[in-house]
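*Asks:* curious how this folds, go ahead:
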Amino acid sequence: MLPLLSLGERLHPEFDLAFVSNPDKSRGDIPSHEQVRRAWNVVNAELRKGFERMSWSDWVQRHSAVSEEDFAKDASRNRFAILLSRTNHLSYHLGQAVLGRK
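*Replies:* Take a look at the predicted model:
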């Protein structure tokens, strides 16, 4: 989210092999729970700092994955939409985690 919201560079691209580039459980070298939790906390702290600096008008600016031409056609492709979609995605996985415990 940091690059999408123009708040900085990605902080942990080393997790791509385990969580993005390969199918689930296809690799034996998955980062530990502690490593993921530390990275999660660092990323969230950076996001929080960036959010605190953003004004209301910053939220309705285009995010970095949409071109200026496409944004002119559809202004809903803004930073706030990214925040909402990623929060919704996280809530989906939270629900999976809760159901998985039963």
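*Asks:* buried stuff in the longest helix belonging to the chain?
*Replies:* In terms of residue count, the longest helix belonging to the chain (DSSP state H) is helix 79-101. Buried residues in helix 79-101, defined by neighbour count with 16 or more other C-beta atoms under 10 Å: Arg79, Phe80, Ala81, Ile82, Leu83. To be clear about C-beta, it is placed using only N, CA and C from the backbone, and glycine gets the same treatment.
*Asks:* go through these and say which is closest to Asp16.
*Replies:* When the buried residues of helix 79-101 are compared for distance to Asp16 (C-beta to C-beta), Ile82 wins out at 19.1 Å.
*Asks:* now do that closest one against Leu7, distance only.
*Replies:* Distance, Ile82 to Leu7, by C-beta to C-beta, to the nearest Å: 11 Å.
*Asks:* cool, and Val43?
*Replies:* 10 Å.
*Asks:* show me whatever sits in contact with both of those two.
*Replies:* Met1 (C-beta atoms under 8 Å, 6 or more residues apart in numbering).
*Asks:* which neighbours do Ile82 and Leu7 have in common?
*Replies:* Both Ile82 and Leu7 are contacted by Met1, under the criterion C-beta under 8 Å, 6+ apart.
*Asks:* chain center to the longest helix of the chain: distance?
*Replies:* Between the mean C-alpha point of helix 79-101 and the mean C-alpha point of its chain there is a distance of 10 Å (C-alpha atoms, centre = their mean, to the nearest Å).
*Asks:* which residue comes closest to Arg86 once chain neighbours are left out?
*Replies:* Across the structure, with C-beta to C-beta, 6 or more residues apart in numbering as the measure, the residue nearest Arg86 apart from its sequence neighbours is Met1 (5.9 Å).
*Asks:* look up how far Asp29 lies from that neighbour.
*Replies:* The spacing between Met1 and Asp29, counted by C-beta to C-beta, is 25 Å.
*Asks:* who's more crowded, those two?
*Replies:* Met1 (17 against 6; other C-beta atoms under 10 Å).
*Asks:* for that one, give its distance to Asn44.
*Replies:* According to C-beta to C-beta, Met1 and Asn44 sit 10 Å apart.
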